[in-house]
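Participant: any chance you could fold what I've pasted below:
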Amino acid sequence: MDLLAQNIVHNLQAEIEDLKARLRKVEAENQQLRYQQGTCFPLMELPPEIRILVWKNALPNRRVLRISELPASGYEPREKMFCSARPPVLLHICKESRDVALAHFRPFFREICGSKMPRPIYFRPKLDILYIDVMSPDEITSEYPEVNEIESIAIPIQSPRNLDLSGKMTGMKSLFLVTALEEPWPWNRCCSTIELSPNPDRKERELEWTDYISMIRRYERNFPNRPKFPNVEHVEAVVGKLVCNNCYLD
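Facilitator: Modelled structure (predicted):
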């Protein structure tokens, strides 16, 4: 394992230990609060219909979930993929809130034998954006066919001729081309999220992709039995920025 990989693995191990320590601190504080006399809003005394509205309004806005690659190590001879997104809070409050969350979120990338993903992520395929920040983003559907259900996908910017999307990512309607990603390795990745903003300086790449998609459409009309290119309706060049939210372990 080269020096860069060793440093990355070391930083990840240190981060895990730090997160465990802060989690123990939070658990101790929660235990102490249970024994303290205090007042709180009597949410569970409200009618069920009102509580359901509260849970629905607590659902997060559209999220960008980034999948990146971790280098192979002596313990893991093949590359692993990593997603920093934490599960929606509503999954952990009570059964009622969890039922509301599961009506919107589904577990994607379930662990299977030989899987590159160490754990599933909760995703809304018609709303959330999946940022596939890996070497070959067009190959992910072969291992995880559920990606075909996702309507908004972001990939590192590249020529459309470098990817083979025929018969892949079949549900994609919006394609975001990430021209740059600021702060790629924040310390508290558990608390980071990604914001995408338009990049007007790379309009030529948007045009390159739209022209290519139009060409593919003409080709498919002549060869109707070939695997179909995704029905992309929107192409946009964007800049990605990692934003560190307030850590729930602090």
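Participant: can you give the domain ranges for the protein?
Facilitator: As assigned by automatic domain parsing, the chain contains the domains 1-37, 41-244.
Participant: just how off-centre is the first one within its chain?
Facilitator: If I follow you right, that is domain 1-37. With Cα atoms, centre = their mean, to the nearest Å as the basis, domain 1-37 stands 22 Å off its chain's centre.
Participant: can you pull out the low-pLDDT segments for this protein?
Facilitator: 1-5, 33-40, 71-79, 111-118, 183-192, 245-250 (pLDDT under 70).
Participant: looking at the domains of the chain, which one is packed in the most?
Facilitator: Ranked by mean neighbour count, the domains of the chain are led by domain 41-244 with a mean of 15 (mean count of other Cβ atoms under 10 Å). In this view, the C-beta of every residue, glycine as well, is placed from N, C-alpha and C.
Participant: start to end distance for that one?
Facilitator: One end of domain 41-244 sits 29 Å from the other (Cα to Cα, to the nearest Å).
Participant: in the chain, which spans are strands?
Facilitator: Using DSSP state E, the strands of the chain run over residues 64-70, 80-83, 106-108, 121-123, 129-133, 152-156, 174-182, 192-198, 234-244.
Participant: any chance of these in CSV, plus distance to D99?
Facilitator: Converted to CSV, the strands of the chain look like this (distance: least, Cβ to Cβ, whole Å):
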stretch, distance to D99
strand 64-70, 22
strand 80-83, 24
strand 106-108, 14
strand 121-123, 14
strand 129-133, 24
strand 152-156, 25
strand 174-182, 29
strand 192-198, 25
strand 234-244, 30
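Participant: so which of the ones you listed is nearest D211?
Facilitator: strand 234-244 (10.2 Å; Cβ to Cβ).
Participant: for the closest one, name the packing helices and strands.
Facilitator: The contact analysis (3 or more Cβ pairs under 8 Å, 6 or more residues apart in numbering; DSSP states H and E) places strand 234-244 against strand 174-182, strand 192-198, helix 203-222.
Participant: what residues are up against the residue nearest the centre of the chain?
Facilitator: Central residue of the chain (Cα atoms, centre = their mean): L65, 1.8 Å from the mean position. L65 makes contact with C83, A85, I121, F123, D128, I129, L130, Y131, I194, according to Cβ atoms under 8 Å, 6 or more residues apart in numbering.
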